[in-house]
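S.K.: Got a predicted structure here, sequence first:
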Amino acid sequence: MRILFAASENAWGGFLGLIRSELPEYYFEASGSFQVKTLEGFDVLIPTMCQVTKELLKTGNCLKLIQQCGSGLEGVDIHAAQNQGIWVANVPTDISGNADSVAELGIYMMIGLSRNIRGMAKSFQNLKMGEPQGKALSGKTVGLVGLGGIGKALIRRLRAFDVRMIGIKRSNPQEAKESLGLDWVGGPDDLPHLIQQSDFLILCLPCTPESVHIINQTSISFMKPTAFLINLSRGGLVDRDALEMALSKHKIAGAGLDVFWEEPPDPDDAIFNYNVMATPHIAASTDVAMKGIAKTVAENIRRAAKNQKPLYEKTD
């Protein structure tokens, strides 16, 4: 079996090394970037952040499996893969430690933004002690857009902070409210109501054609000027220009971003001049999560070698 890893050799803390140790009998190759020119000769593709188009798939003369090392498959043309008889699978966030790790980063961003981490750096630089004054999380309202694995992991952890939690769920919102013990849950049409109430607006939903730019000039207009936006999911959920305008005009207090409109983003992008906490798409990149993901990826590669249907197969 020949496996192509569409990233650099050491991406995500050496994830490729973990897979190699699980499957020493197979050949692995790293593309060196998030772009792949050809799939010729490879049995398995681990796409990471590579765009897997219909045209690229045509070069896969022996490709059996596209196995994501995480949950996101928005860059993969699943329909085209199915037409070629290629399996597509991912690793759900709630089975590997992925969701737990992402939730931890979300809380890190909440605390960093509310305690003004950028202001702290300035105080050190200017030899000032005892400032800036931060804001406590207790009593604040957290609006969770998406109540899947990451949303649930956040809920479990946030209970200790004595916050009010509300959410948006695509289906059965009342059932989610009761099962998760939230103060309020609405459907997609209720997003403005959630935004108006939220001190922290946290995105943890998939990026689909329906959710692209769900945070735009209109939805941002409902946010409190003291509220923070945190995106833990996919960069396509947020209209970059609308966010920059809101930050520049102090329509919102700040943003926490682990994902971006393009990846990697330009480090000199003007948006980073404002109150933005940015991390380089590493929310799920922890020792626990990577080991859990590697186990599932390795199992599906073994299944592909035996021409067996993979776990967590995705269909168009």
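M.R.: Received it, and whenever you're ready, just let me know what you need. Residues are numbered from 1 along each chain as shown.

S.K.: Would you mind measuring the gap between the ends of stretch 193-211?
M.R.: Stretch 193-211 stretches 17 Å from its first residue to its last (CA to CA, to the nearest Å).

S.K.: Relative to the whole chain's centre, how far out is that stretch?
M.R.: Centroid displacement of stretch 193-211 relative to its chain, using CA atoms, centre = their mean, to the nearest Å, is 13 Å.

S.K.: Could you do stretch 285-303 as well?
M.R.: Remark: stretch 285-303 is offset 17 Å from the chain centroid, using CA atoms, centre = their mean.

S.K.: Same check on stretch 228-242?
M.R.: 10 Å.

S.K.: which parts of that stretch are buried?
M.R.: Neighbour-count burial for stretch 228-242 flags 228-240, 242 (criterion: 16 or more other CB atoms under 10 Å). The C-beta positions use only the backbone N, C-alpha and C, and glycine is treated the same way.

S.K.: Check stretch 101-116 too.
M.R.: Neighbour counts using 16+ other CB under 10 Å place 101-114, 116 of stretch 101-116 among the buried residues.

S.K.: Identify the residues contacting that stretch?
M.R.: 93, 132-137, 140, 142, 150, 153-154, 156-158, 161, 200, 202, 204, 228, 230, 232, 253-256, 258, 275, 277, 279, 282-286, 288-289 (CB atoms under 8 Å, 6 or more residues apart in numbering).

S.K.: Tally up the residues packed near Ser248, please.
M.R.: 12 (other CB atoms under 10 Å).

S.K.: how far away is the nearest residue to it once chain neighbours are set aside from Gly254?
M.R.: Distance criterion CB to CB, 6 or more residues apart in numbering; nearest residue to Ser248, sequence neighbours excluded, is Tyr274 at 6.4 Å. Applying CB to CB, to the nearest Å, the value for Tyr274 to Gly254 is 7 Å.

S.K.: quick one, phi/psi of Ser33?
M.R.: Ser33 adopts backbone torsions of phi -160, psi -180, taken as degrees, to the nearest 10.

S.K.: ok, now Ile215?
M.R.: When quoted as degrees, to the nearest 10, the phi and psi of Ile215 stand at phi -100, psi 110.

S.K.: ok, what's across the strand from it?
M.R.: Applying DSSP bridges to Ile215 gives these bridge partners: Val238.

S.K.: name the element the residue nearest the centre of the chain belongs to?
M.R.: Residue closest to the average C-alpha location in the chain (CA atoms, centre = their mean): Ser233, at 2.8 Å. Using DSSP states H and E, Ser233 maps to neither a helix nor a strand.

S.K.: Val142 now?
M.R.: In the assignment (DSSP H and E), Val142 maps to strand 141-145.

S.K.: ditto for Glu178
M.R.: Using DSSP H and E, Glu178 falls within helix 173-180.

S.K.: Can you get me a residue count around the residue nearest to Arg170 when sequence neighbours are not counted?
M.R.: What sits nearest to Arg170 in space, not counting adjacent residues and going by CB to CB, 6+ apart, is Pro188, at 6.0 Å. By the criterion of other CB under 10 Å, Pro188 has 15 neighbours.
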